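Peer 1: Dropping the sequence and predicted coords here.
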Amino acid sequence: MELDEALAAIGEWGLYQTIIYWLITIPGTWFCVWPMMSVVFQAGIPETFYCQIPTGSTVNETIPVSEIDDNGDPVYETCVMYTNHTVSNATTSCTDGWYYEPDEYAETIVTEWDLVCDDAVLGQISQSVFMTGVMIGAFLAGYLSDRFGRKKVYLLAMWLESIFGILTAFTQSFITYVILRFLTGVMLQGVMVSNLILATEMFPPGKRLYAGFLNTISWGVGIMLLAPLAYLFPNWRSLQLAMHIPALLTFYYFWVIPESMRWLISKGRIQQAETILYRAAKFNKKHLPQDVLNPKVKGDDYIPKNENNNDGNKGTINDVTIKQNGHPVDQNDATHANGNLYDDTKKQLKEDEEQDEPHYTLCDLFSRPRLAFNTIVMCFAWFVTSLVYFGVSFNTANIGDGVYIAFFFNGFVEIPGNILALYASLRFGRRIPTSMFLAFAGLCCGCTVFIPAETANGTNLEPLQLTVYLLGKFAITGAFASFWSWAPELFPTLIRNLGFGLTNFFASFGGVVAPLTVYIAYSNLAVIMVSFGVLAIFTSAVVLLLPETKDHPMPHTIEEAEQIAKRKKKSKKSKELSSPVNTYDAKQNEINGVINPSFTIDRETQTNL
């Protein structure tokens, strides 16, 4: 029996799978999104600060006034002080550090290490270094999860991320802080990649779409929860501990979380995969035949015994009768007749591994004109989308007052954004919805800075400004989600992982660049938001040059990928008759770059929905 048949037999989404899924997904998303987005709070810059006043002096004697605010109060210079105000108005840089006026940030890395004025960019550079770790971790996690298993990588990466995060809370050096954040980013991506693969591989193809989709919902909920968590722990060190200590409480996962059955089968460890299947079947009160993954056991070649025993109990997983050629036979006779029930499977696996296959490289992505064009456009589009997504997220503190409320809704809008992206992708395709998401996001980003904080008569417009800003985040989330399903469908099977990995690399690079926009936005938010708007609107037009992939089988060869733009949409009936079902599952996501968790698209599910 094939694994997908066995998974359907125990319940495609049974109680066992539900419990294990959420045990994997909640830590796999929350413990990733918290360290990634916490820079909004941990690197927050107080609104009012100026040079430390020497003993015996006053602020007016020491600090020049830059302007008078609307209330008639002086606004002091932040980076200079008088050399000797009794002699002249000559100024110099701060000599004794800075004074930070208490506000919603209790203590941040900025106030602790004086990352202001000439060193202001260092706070955001530390986040870029963190995102670089995330980008590198994507490549390592994909290889290691294939080599050593999804469970091992998931647990080890999560626990090491927790340890590095806890150590970060006790560092006394900014350099050490940056190094530990880099290592945290590497481990974080290991958790993101392996958690998605491990969670979705529990399900047959028809359910993987929803498993991946719920992963994105959990990501959005994690962003929402970070806001109250940061409010309760306003000191960056205490917030660091609050984010990372809970991961150590998952020590029992070593005994509870099963390894991916698909990975076990790919390594020839059939019996271990069967053990997991039997455990799930028993928990779900379902029945499976003995040696369920033996190729000679068909899905209908067993008859559950004692389905209704006299004592009212259900039969066990061993209470079955195997059939050969449609006739029931004794289990022992069947086992004897089959000899070693795993020989055929192991032999086939060995032959597959030894079979010589062509070696493909990144150069093959540019070996044909149309394939090269699609690759370049997708790399650029995903870079811009990632840049805007993370740029909008990291700049939350620069939009109006009330960073905690703004950040909470920043996560909330991701949920409807992902829902709409899923519906639009299945209903209308990839090209037009993605273009519309990008155009709307660009429009909202551009309009945000042209909405004043208040009108001439004193009407507060900050809620309207925040609403437009959040609509932009909603739209760019939808675009990001759309690319997860669209990008793999453009590349042929033979080089799909290469293509998906390259485009994801550029998405990750967008995440590396995004923190630097916060540094610019602190002094000139309009430049950044307008830039986001222009880039998103331009990209919305560029992606229209890419081919639509909805209702088309994914290309297998480079030649098929080259012709993808010339294909006409097939009818559902002709597609069913002329081409096999192609499945894009979590396996295709092993080489990914970040960041925002993805959902998987199953071709058969797309057609049916």
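Peer 2: Done, it's in. Computed from a predicted model, the values in this text were never measured in an experiment.

Peer 1: Name the residues of the helix or strand hosting L214 that are buried.
Peer 2: Using DSSP states H and E, L214 sits in helix 205-232. For helix 205-232, the neighbour count (16 or more other Cβ atoms under 10 Å) marks 205-224, 226-227, 229-231 as buried. All C-beta atoms are positioned from the backbone trio N, CA, C, and that covers glycine.

Peer 1: model confidence over that helix, on average?
Peer 2: For helix 205-232, mean pLDDT is 88.

Peer 1: what do you get for stretch 425-443?
Peer 2: Per-residue pLDDT over stretch 425-443 has a mean of 92.

Peer 1: what comes up buried for that stretch?
Peer 2: By 16+ other Cβ under 10 Å, the buried positions in stretch 425-443 come out as 425-426, 429-431, 433-443.

Peer 1: Looking at those residues, spot the one nearest L249.
Peer 2: Nearest to L249 among those is S425, at 36.4 Å by Cβ to Cβ.

Peer 1: Look up how far G411 lies from that closest one.
Peer 2: 22 Å (Cβ to Cβ, to the nearest Å).

Peer 1: go on, F474?
Peer 2: F474 sits 11 Å away from G411, going by Cβ to Cβ.

Peer 1: before we move on, what about A561?
Peer 2: In this structure, A561 and G411 are 37 Å apart, going by Cβ to Cβ.

Peer 1: Compare those two and say which is more crowded by neighbours.
Peer 2: Neighbours were counted for A561 and for G411 using other Cβ atoms under 10 Å; A561 has more, 27 against 23.

Peer 1: Quick check: that one touching L494?
Peer 2: No - here A561 does not reach L494: they are 9.0 Å apart, not a contact under Cβ atoms under 8 Å.

Peer 1: And for A199, nearest residue in space, chain neighbours not counted?
Peer 2: I24 (4.6 Å; Cβ to Cβ, 6 or more residues apart in numbering).

Peer 1: Got phi/psi on that neighbour?
Peer 2: Reported as degrees, to the nearest 10, the phi and psi values for I24 are phi -80, psi -40.

Peer 1: residues contacting it?
Peer 2: When contacts are counted by Cβ atoms under 8 Å, 6 or more residues apart in numbering, I24 touches 154, 195, 198-199, 257.

Peer 1: still on that earlier bit, quick check: which helices or strands does the helix holding L214 pack against?
Peer 2: Contacting helix 205-232 under the criterion 3 or more Cβ pairs under 8 Å, 6 or more residues apart in numbering; DSSP states H and E are the following elements: helix 15-37, helix 39-42, helix 174-200, helix 236-248, helix 403-412, helix 414-428, helix 603-608.

Peer 1: N284 is nearest to which of the ones you listed?
Peer 2: helix 15-37 (5.2 Å).

Peer 1: could I get the closest one in CSV with only the CA atoms?
Peer 2: C-alpha atoms of helix 15-37 as CSV (Å, rounded to 0.1, in the frame of the first residue of the first chain):
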residue,chain,number,x,y,z
LEU,A,15,-7.2,13.5,15.9
TYR,A,16,-3.6,12.2,16.0
GLN,A,17,-2.5,14.3,13.0
THR,A,18,-4.3,17.4,14.5
ILE,A,19,-2.5,17.1,17.8
ILE,A,20,0.9,16.5,16.3
TYR,A,21,0.4,19.2,13.7
TRP,A,22,-0.2,21.9,16.2
LEU,A,23,2.5,20.7,18.5
ILE,A,24,4.9,21.2,15.6
THR,A,25,3.4,24.3,14.0
ILE,A,26,2.9,26.6,17.1
PRO,A,27,6.5,26.5,18.3
GLY,A,28,7.7,26.3,14.7
THR,A,29,6.1,29.7,13.9
TRP,A,30,5.8,31.6,17.1
PHE,A,31,9.4,30.9,18.2
CYS,A,32,10.5,32.1,14.8
VAL,A,33,8.4,35.2,14.2
TRP,A,34,9.2,36.6,17.7
PRO,A,35,12.9,36.9,17.3
MET,A,36,12.6,38.0,13.7
MET,A,37,10.1,40.9,14.5
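
Peer 1: what about it, distance to the chain center?
Peer 2: 12 Å (Cα atoms, centre = their mean, to the nearest Å).
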